[in-house]
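Asker: whatever this is, show me its structure:
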Amino acid sequence: MSKTRDASRVRMIFYPMAGSVEEQFSNLLQTLEWVHANKPAPNEVYEWLRFKFNLKHYFAANVYTVLFVSSGLLSTHNGKCHLTSDGQTVLATASPVILLEVFEKTFAGVAAFLEVLRDNPHIKTEKLNTLWFEIVKERFLNMKNWSKRTLNNQCVHRINWLRAMGFVEVNRGLHALSESGWQFVQKIPPESIAIQPHEIKEQEKQLNELALSAFEPFDISIDTTLSLRRSFVRDRAFRKVVTMQYDFDCGVCDFQFGAPRGVYEAEAAHIVPKRRRGTDDPRNGVCLCGTCHWLFDEGIISVRAQGLSIIVASYLDSRVGDKSVQRVLAYRGRQIRSVKSPRYVPATEALQWHNQHIFLG
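Answerer: Below is the predicted model of the structure:
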């Protein structure tokens, strides 16, 4: 009878380069920067890792293979190592969250281990694997048919990577978040990482159906019916549905700016705020740039419920000498940008509420 492998007793596939998440990530960034500047051959990367982090050649080769190549950060062309587009993004953003997102492409669901260990500290391998699988099989549909052997093998790879990056530690067969792992999950909920297209699509469908029903400005079910993961997914879906209706242009100032990877500086502002239990019905949203979103949330600007023209707080009239104020005052009386479909016109009830309760007058 075969036994379930205990990841705490399996020799690590690769060796940590330092202790905490911050140290590990800093060392990874140093290596990416060095590779980007020097375009070395693979054996030169081994030597860099050996001398820089005092690793044996065997471990240096495995660090290169797993942390950099299998993770999708480096590729080899004509015998030279180059940063992939994902590697360049990780280096440019210097964000552990982006690194997790990148690693999720190779080893899907790795961040879900952080969810499990946050809620279930100090658990054995078999229990950890079971709880993890219950989460990820709904997010990554191709995992549903995994055999027990495949599950255990795949878990070993993911846990080892998290250990090598300093997120997780194992003591006497019990898995737990490291101190820096705890600090990470407190800042960045792992539920927000690697949200899948099918999850967003499902929520988009629900929001689009909501836009066909009678408008209700408040949603009293927000805290009780949505899991933390679904809340993040729903926020992404709300942003996508609303901003696409405006072609990613700010509804107030017409600002549009896109990055090469297809993302825009466009935000979906709730008219009745989420903190007041505002609904995620797309008619409770308007596409704004970051600055106009702040102006709108602070009540410095609003949109008339009748006519959809922009109104500006009167206190600014005494500050006309300020160039920034002049720019805001210039919005007064302008019509907000039209949506593509009449179904998604901002709801009169929501705008009336914003005029009365948020707008400074």
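Asker: give the buried residues for stretch 318-335.
Answerer: For stretch 318-335, a neighbour-count test (16 or more other Cβ atoms under 10 Å) marks 325, 328-329, 331 as buried. Glycine gets a C-beta too; all of them are placed from N, C-alpha and C.
Asker: what of stretch 132-140?
Answerer: 132-133, 135-137, 139-140.
Asker: next step: those restricted to strands.
Answerer: Applying DSSP state E to the buried residues of stretch 132-140, no entry is found in strands.
Asker: avg pLDDT for the helix or strand containing residue 163?
Answerer: Residue 163 is part of helix 148-164 when elements are defined by DSSP states H and E. Averaging pLDDT along helix 148-164 yields 88.
Asker: now do that helix: which elements does it pack against?
Answerer: Applying 3 or more Cβ pairs under 8 Å, 6 or more residues apart in numbering; DSSP states H and E, one finds that helix 148-164 contacts helix 112-119, helix 125-139, strand 168-171.
Asker: same thing but at 10 Å, please
Answerer: The contact analysis (3 or more Cβ pairs under 10 Å, 6 or more residues apart in numbering; DSSP states H and E) places helix 148-164 against helix 21-38, helix 96-106, helix 112-119, helix 125-139, strand 168-171, strand 174-177.
Asker: relative to residue 319, which of the buried residues of stretch 132-140 is nearest.
Answerer: residue 139 (50.0 Å; Cβ to Cβ).
Asker: where's that closest one relative to residue 104, distance?
Answerer: For residue 139, the distance to residue 104 (Cβ to Cβ, to the nearest Å) stands at 10 Å.
Asker: so what sits against both of these two?
Answerer: Listed as contacting both residue 139 and residue 104 by Cβ atoms under 10 Å, 6 or more residues apart in numbering are 112, 194-196.
Asker: buried among these? Make that a PyMOL selection.
Answerer: Per 16+ other Cβ under 10 Å, the buried members of the shared contacts of residue 139 and residue 104 correspond to this PyMOL selection:
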select buried, resi 112+194+195
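Asker: which of the shared contacts of residue 139 and residue 104 lies closest to residue 270?
Answerer: Of all the shared contacts of residue 139 and residue 104, residue 270 sits closest to residue 195, with 19.2 Å by Cβ to Cβ.
Asker: which ones are touching the residue nearest to the closest one when sequence neighbours are not counted?
Answerer: Among residues not flanking residue 195 along the chain, residue 233 sits closest, at 5.5 Å (Cβ to Cβ, 6 or more residues apart in numbering). Residues near residue 233 by Cβ under 10 Å, 6+ apart: 139, 191-192, 195-196, 198-204, 226-227.
Asker: so which of those are in helices?
Answerer: 139, 198-204 (DSSP state H).
Asker: quick one, which of those are buried?
Answerer: Taking 16+ other Cβ under 10 Å as the criterion, what is buried in the ones in helices among the contacts of residue 233 is 139, 199-200, 203-204.
Asker: quick one: the strands in this structure?
Answerer: Under DSSP E, the chain gives strands at 74-77, 80-83, 123-124, 168-171, 174-177, 267-270, 285-288, 301-303, 310-312.
Asker: outline the domain layout of this structure.
Answerer: 7-191, 197-357 (automatic domain parsing).
Asker: what's the burial count for residue 309?
Answerer: Neighbour count for residue 309, taken as other Cβ atoms under 10 Å: 14.
Asker: with residue 92 instead?
Answerer: Neighbour count for residue 92, taken as other Cβ under 10 Å: 11.
Asker: what does the pLDDT read for it?
Answerer: Per-residue pLDDT puts residue 92 at 92.
Asker: just list the residues touching it, thanks.
Answerer: Per Cβ under 10 Å, 6+ apart, neighbours of residue 92: 32, 83, 98.
Asker: please name the nearest non-neighbouring residue to the last one.
Answerer: If I follow you right, that is residue 98. Of all residues not flanking residue 98 in the chain, residue 90 sits nearest, at 5.4 Å (Cβ to Cβ, 6+ apart).
Asker: so who does that neighbour touch?
Answerer: By Cβ under 10 Å, 6+ apart, the contact list for residue 90 reads 25, 28-29, 32, 71-73, 83-84, 96-103.
Asker: let's see 7 Å
Answerer: Neighbouring residues of residue 90 by Cβ atoms under 7 Å, 6 or more residues apart in numbering: 32, 73, 98-99, 102.
Asker: what would the contacts of residue 233 look like in TSV with pLDDT and distance to residue 174?
Answerer: Output for the contacts of residue 233, formatted as TSV (pLDDT from 0 to 100; distance: Cβ to Cβ, whole Å):
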residue	pLDDT	distance to residue 174
139	90	26
191	92	23
192	92	27
195	91	30
196	90	30
198	92	34
199	92	31
200	94	36
201	95	38
202	94	36
203	94	36
204	96	41
226	60	32
227	81	26
